[in-house]
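Trainee: Sequence below, structure please.
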Amino acid sequence: MRRAIPLTLTALVAALALTACDDGGSGSGSTDGAKSKTGSGCATGAVALEVGSASVAPAAGDAGEVPVSITNQSAPCTLDHFPGVTLRQGDRSVKLPVSEGAQAQTLKLAKGASATFTVSYVRGADGDAKALKASSMEVTLPGGGDAKSFPWKFGPVAGKGADGLDASVSAFQQVGD
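Mentor: Numbers count the residues shown, from 1 in each chain. Modelled structure (predicted):
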């Protein structure tokens, strides 16, 4: 004769399983700065971020790409969702959207392992009121930590829509094996 598992025991096991998945975060619901649900998220303080050699857009209307590399310098961590990138000009800042069609993937980085993502943009015309003559680019990772700022040396970024820019951020890509 089979014995049924009491409903309260089943509910207790389910609650414990959910508690084990708690990320210990602030509960803000934001993917930027939130820890990954698949392990410890890669925080900006535990990785090296570097802006690589860009494919600079030489003239207004041309497209350019700025690669950003991430190298884990600490315990294994996970990149999940997308990086956050904000371009700044004085007190104006614009958070870049994810590239159209980009698919988020979860990457586990061992100590010393690397990943990359790309900021794609269209160069704006000098003096165009809708363009942003950015002076800096701030990068955040879904694992949290303070934003890391880099100088923007790639010319003005073309405006798109009411307050947006013709620029976007790709998904994370694993580097190497």
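
Trainee: leaving aside the residues next to it on the chain, what's closest to the residue nearest the centre of the chain?
Mentor: What sits nearest the mean C-alpha location of the chain, by C-alpha atoms, centre = their mean, is Pro83, with 0.4 Å. Spatial nearest neighbour of Pro83, excluding adjacent residues (C-beta to C-beta, 6 or more residues apart in numbering): Phe117 at 5.2 Å. Using the backbone N, CA and C atoms, a C-beta is placed for each residue, glycine as well.

Trainee: Could I get the pLDDT score of the one you found?
Mentor: We have a pLDDT of 96 for Phe117.

Trainee: which strands and helices sit next to the helix or strand hosting it?
Mentor: Using DSSP states H and E, Phe117 falls within strand 114-122. Under the contact criterion of 3 or more C-beta pairs under 8 Å, 6 or more residues apart in numbering; DSSP states H and E, strand 114-122 touches strand 63-72, strand 167-169, strand 173-175.

Trainee: Kindly state the beta-bridge partners for Met137.
Mentor: Beta-bridge partners of Met137, counted by DSSP bridges, are Leu87, Phe150.

Trainee: That one contacts Ala147, doesn't it?
Mentor: No - counting by C-beta atoms under 8 Å, Met137 stays clear of Ala147, with 9.7 Å between them.

Trainee: Common neighbours of those two, please.
Mentor: Residues touching both Met137 and Ala147 (C-beta atoms under 8 Å, 6 or more residues apart in numbering): Thr86.

Trainee: more crowded one of those two?
Mentor: Between Met137 and Ala147, counted using other C-beta atoms under 10 Å, Met137 has the larger neighbour count: 24 against 16.

Trainee: which residues touch the more buried one?
Mentor: Going by C-beta under 8 Å, 6+ apart, Met137 touches Val51, Val66, Val85, Thr86, Leu87, Arg88, Val119, Ser149, Phe150, Pro151, Trp152.

Trainee: same question, Pro58
Mentor: Going by C-beta under 8 Å, 6+ apart, Pro58 touches Arg123.

Trainee: ranges for the strands of this structure?
Mentor: Assigned by DSSP state E, the strands in the chain fall at 47-51, 63-72, 77-79, 84-89, 92-95, 107-109, 114-122, 136-140, 148-151, 159-160, 164-165, 167-169, 173-175.

Trainee: Count residues in the vicinity of Ser149, would you?
Mentor: Ser149, neighbours per other C-beta under 10 Å, totals 14.
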